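> sequence first, predicted coordinates after that:
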Amino acid sequence: MYEILLVIYLVVSLALIGMILIQQGKGADMGSSFGAGASATVFGSSGAGNFMTKTTTILATVFFVLSIVLGSLTASQIKQADEWENLEAPASTVVPANQDVPASEESQNNSDVPN
């Protein structure tokens with residue numbers, strides 16, 4: 001069910017983006033009011049605004065409802081514990097700070113550090 005809603009959410013969001021991008025701004029109406037090609041539009045001189053506005057409103061409403069539904073479905077799920085969550089070193093490999101490691105005479109002679 002979650003995957004189906006996620007696919008619908010993706011399709012609705014892409015359709016909403018497309019509807020917003022093909023709409024004309026408020027400044028484009030000035031030229032069309034003086035007969036600059038308004039009769040050659042697909043929806044007529046005034047039909048495009050109403051159709052596009054209603055479609056955008058419906059898509060936006062579906063988008064927000066799906067956002068809330070998907071958010072509530074995700075919030076109610078319990079996450080599985082990750083095995084990489086606790087990366088602390090085991091206690092047996094930690095050397096106590098108060099013990100020094102003695103250096104041997106042989107390691108000092110073969111050292112790359114100059115005397």
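That came in fine, so what should we check first? Numbering: from 1, shown residues only.

> how close does residue 1 sit to residue 11?
Note on residue 1: its distance to residue 11, by Cβ to Cβ, to the nearest Å, is 16 Å. Glycine gets a C-beta too; all of them are placed from N, C-alpha and C.

> what do you get for residue 63?
Noted for residue 63: a distance of 10 Å to residue 11, by Cβ to Cβ.

> do residue 67 as well
Taking Cβ to Cβ, one finds residue 67 at 14 Å from residue 11.

> thinking again about what came up before, ok, residue 63 and residue 11, which is more surrounded?
Neighbour count, other Cβ atoms under 10 Å: between residue 63 and residue 11, residue 63 has more, with 16 against 12.

> backbone dihedrals for the more buried one, please?
The phi and psi values for residue 63, taken as degrees, to the nearest 10, are phi -60, psi -50.

> tell me which element residue 50 falls in.
helix 47-75 (DSSP states H and E).

> any weak-confidence spans in the chain?
Scanning the chain for pLDDT under 70 picks out the ranges 25-49, 78-83, 89-115.

> swap in 90 and give it another go.
Within the chain, the segments meeting pLDDT under 90 span 1-3, 19-55, 72-115.

> which SS class is residue 85?
For residue 85, the assignment made with DSSP: H, G, I helix; E, B strand; the rest coil gives coil.

> neighbours of it, just the number please.
Using other Cβ under 10 Å, residue 85 is surrounded by 6 other residues.

> backbone dihedrals for it, both of them.
Per degrees, to the nearest 10, the backbone of residue 85 is at phi -70, psi -40.

> over to residue 18?
Residue torsions, per degrees, to the nearest 10, at residue 18 are phi -60, psi -40.

> show me the contacts for it.
Under the criterion of Cβ atoms under 8 Å, 6 or more residues apart in numbering, residue 18 has no neighbours.

> ok, so what distance separates it from residue 71?
24 Å.

> now residue 19
Here the criterion is Cβ to Cβ. By it, residue 19 lies 23 Å from residue 71.
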